[in-house]
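Q: What shape does this take:
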Amino acid sequence: MPRRAVVDTLARAEGHPTVEQIAADVAERWPGMHLTTVYRTLETLAELGVVTHVHLAAGTAYHLADPAESADGAHHVHAQCRSCRRVIDLPDGILDGVRRELAASEGFALEPHHVALSGLCRDCADEG
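A: Coordinates of the predicted model:
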């Protein structure tokens, strides 16, 4: 039941909810489920490839894995506005040039899908 509750919550979620937001939603429908259970469930679902996570300024956020991305090894990249905290999904290929340059110059294999790029979204940049 914990896995189903968490998957249902993620399927209904808009954006990239944090574990605390997921736990709050789950607790409304399944009052006996504790935060620790939600953490463990998310870890298990991540190991199974059902969910993925991204580290944001306000903590770790989760979303259901995209089967198409999992099949070809691609992952979309995230950007987070440092002002309003909005998270934007970016296409995987957006950092291909940076990946190639780091591989060639440093021998470094960039895996940016677990962290968010930081900057200002269009709305916040226009305000400021």
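
Q: isn't residue 94 right next to residue 75, touching?
A: No. With contacts counted by Cβ atoms under 8 Å, residue 94 stays clear of residue 75, the gap being 11.4 Å. (Glycine included, C-beta is placed from N, CA and C.)

Q: neighbour-wise, which of the two wins?
A: residue 75 (17 against 13; other Cβ atoms under 10 Å).

Q: domain ranges for this protein?
A: If you go by automatic domain parsing, the domain ranges for the chain are 1-65, 70-128.

Q: Between the two ends of the longest one, how far is it?
A: Length of domain 1-65, first residue to last, Cα to Cα, to the nearest Å: 19 Å.

Q: and what of stretch 105-121?
A: 30 Å.

Q: Same check on stretch 1-19?
A: Using Cα to Cα, first and last residues of stretch 1-19 are 17 Å apart.

Q: Distance from it to the middle of the chain?
A: On the basis of Cα atoms, centre = their mean, to the nearest Å, stretch 1-19 sits 12 Å off its chain's mean C-alpha point.

Q: Quick one: residues in contact with that stretch.
A: If you take Cβ atoms under 8 Å, 6 or more residues apart in numbering as the criterion, stretch 1-19 is touched by 21-22, 25-26, 29-30, 33, 35, 37-42, 44-45, 50-51, 54, 56, 58-64, 78, 87.

Q: same question, stretch 54-63
A: 10, 13, 15-20, 22, 42, 46, 51-53, 78, 80, 82, 85, 87, 113-116, 118.

Q: where's residue 61, which helix or strand?
A: Element membership for residue 61, per DSSP states H and E: strand 59-64.

Q: so how far is stretch 110-122 off the chain centroid?
A: 10 Å.
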